[in-house]
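J.: predicted model and sequence below, questions to follow.
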Amino acid sequence: MSKSLGNLVFVSDLRKEFDPISIRLGLLNFHYRDSWEWSEEIMGLASSRLNRWKRAGEGTGALENVRRLLDNDLDTPGALAAIDDAVTKGEGVSVAAQLLGVVTVN
């Protein structure tokens, strides 16, 4: 992606179509040290993830794993996977999600 090619995706444009928290999850899916390219698929996956986390409800599932992963070079992709795993096990993940700036309960 480059400005000169005109293929940049701006967050301000994404906000017109997607929940800002979904945008956050889409960006957190990539480690800050790794290069990556935007695809439309990212937002669909992030929106689905957010909906699963919200349905999981309140709880501390994956909390210690998320703390450990974030302490390890800010491993956000690993933290997302840990929360996904906890949701699959039927655990509430609201507290772990908050460590990533994601509010899942009202």
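T.: The structure has been received and is ready for your questions.

J.: please count neighbours and contacts with C-alpha atoms only from this point.
T.: Fine.

J.: just the element for Glu17, please.
T.: Assigning secondary structure by DSSP states H and E places Glu17 outside every helix and strand.

J.: contacts only, for it.
T.: Applying C-alpha atoms under 8 Å, 6 or more residues apart in numbering to Glu17 gives no contacts.

J.: can you give me phi and psi for it?
T.: phi -120, psi -30 (degrees, to the nearest 10).

J.: and it, what pLDDT?
T.: pLDDT recorded at Glu17 is 92.

J.: now do Leu28
T.: 96.

J.: go on, Ser94?
T.: 98.

J.: wait, it touches Gly57, no?
T.: Yes: between Ser94 and Gly57 there is a contact at 6.4 Å, judged by C-alpha atoms under 8 Å.

J.: of the two, which one has the most company?
T.: Ser94 (23 against 17; other C-alpha atoms under 10 Å).

J.: next one: that one from Lys16, what distance?
T.: 26 Å (C-alpha to C-alpha, to the nearest Å).

J.: and stretch 84-95, which residues are buried?
T.: Residues 84, 86-87, 91-95 are the ones in stretch 84-95 that count as buried (16 or more other C-alpha atoms under 10 Å).

J.: does anything pack onto the lowest-mean-pLDDT helix or strand in the chain? Which helices or strands?
T.: Between all helices and strands in the chain, the lowest mean by mean pLDDT, DSSP states H and E belongs to helix 11-14, at a mean of 89. The criterion is 3 or more C-alpha pairs under 8 Å, 6 or more residues apart in numbering; DSSP states H and E, and there are no helices or strands that helix 11-14 contacts.

J.: ok now that helix, how far from the chain's centre?
T.: Centroid separation for helix 11-14 versus its chain: 16 Å, with C-alpha atoms, centre = their mean, to the nearest Å.
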